[in-house]
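S.K.: Fold the following and give me the result.
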Amino acid sequence: MKLFIIQTIVLISLCGQVIAQDQVHVITKKIHKDFVYHDGYEVNIDGDRAEVHIQPSLDNKILIDIEIIAKNPTQEAAKADVEKMISIVKRLKNKIYIRNYLDTEDQPRPTSQVKVIYNISVPAVCPVYAKVSYGLADFAELTNSLRVNSKFSQVNLNKISGFVDLSSQFGDIIGQTINGNVTIGSRRTNITLKDIQGNFDIDATYGMIQIYADA
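M.R.: Numbers count the residues shown, from 1 in each chain. Predicted coordinates for the structure are as follows:
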């Protein structure tokens, strides 16, 4: 099932005592898709200008909700630009592949502020691979395998166990309650890890590292 919803929101910001008004049009395109989870499935995400939020599913399904948002002083421009952000969700054998990208072929680049928000629910045992640029990545309560490649994005890990392989450039890593075999390679990234157990291999260049561990 695939559902598209277009929403228009008008935001008015007031400067001083109603001296000037700046009108911003917000156009939102919504997409929903779900898959029944089978052993061996893996979720692959390639997010550009994206916020990725992954949390545990309450049943044996992979649930994907996507919002594509464009903000522009001109409503027509916001409507045009939201359609330039292409989102792909499909199953390729045992991989659930999710990707977004700007389609600027034979058309001008967007003048709007455009971003994508992913809210994805997966069974805790489902392996996840995420590539995120210029955004944010939140992962919670995964127990199998998590691989992350991030650039200019903050990565948050909460209650993660199992195998973790994380690569980051120019973005903070914040992890809490992590137990497993963890490899982190980072450049110009600040790392904060709390309540951790297991094996950690950290190779960090140009960043501050704070680690709070038990005995």
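S.K.: Check which helix or strand the one residue sitting closest to the centre of the chain maps to.
M.R.: Nearest residue to the geometric centre of the chain (CA atoms, centre = their mean): Val52, 1.6 Å. Assessed by DSSP states H and E, Val52 sits inside strand 50-56.
S.K.: by contact count, what packs against that strand?
M.R.: Identification of packing neighbours for strand 50-56 by 3 or more CB pairs under 8 Å, 6 or more residues apart in numbering; DSSP states H and E yields strand 113-122, strand 128-133, strand 136-140. C-beta here means a position set from N, CA and C on the backbone, and glycine is covered the same way.
S.K.: Show me the contact partners of the shortest one.
M.R.: If I follow you right, that is strand 136-140. For strand 136-140, the surrounding residues in contact (CB atoms under 8 Å, 6 or more residues apart in numbering) are 47, 50-56, 128, 130, 146, 148, 150, 153-160.
S.K.: how about the helices in the chain?
M.R.: 75-82 (DSSP state H).
S.K.: Gly175: how many residues sit nearby?
M.R.: If you count neighbours by other CB atoms under 10 Å, Gly175 ends up with 24.
S.K.: Tell me what the nearest residue to it once chain neighbours are set aside is bridged to.
M.R.: Once flanking residues are discounted, Gly175 sits nearest to Leu157: 3.8 Å by CB to CB, 6 or more residues apart in numbering. Counting by DSSP bridges, Leu157 forms beta bridges with Phe139, Gly175.
S.K.: next one: the one 5 residues further on
M.R.: Partner residues in beta bridges with Gly162: Gly180, with DSSP bridges as the criterion.
S.K.: where in the protein is pLDDT low?
M.R.: 1-22 (pLDDT under 70).
S.K.: any idea how far the spatially closest residue to Ile96 that is not a sequence neighbour is from Phe139?
M.R.: Residue nearest to Ile96 in three dimensions, not counting chain neighbours: Val43, with 4.8 Å by CB to CB, 6+ apart. According to CB to CB, to the nearest Å, Val43 stands 11 Å off from Phe139.
S.K.: Next: Lys151.
M.R.: From Lys151 over to Phe139 the distance is 17 Å, taken as CB to CB.
S.K.: Compare these two and say which one has the larger neighbour count.
M.R.: Phe139 (24 against 16).
S.K.: so how far is Tyr118 from that one?
M.R.: Distance of Phe139 to Tyr118, given as CB to CB: 12 Å.
S.K.: likewise Thr111?
M.R.: In this view, Thr111 and Tyr118 are 24 Å apart by CB to CB.
S.K.: More neighbours: which of the two?
M.R.: Taking neighbours as other CB under 10 Å, Thr111 and Tyr118 compare with Tyr118 leading, 25 against 14.
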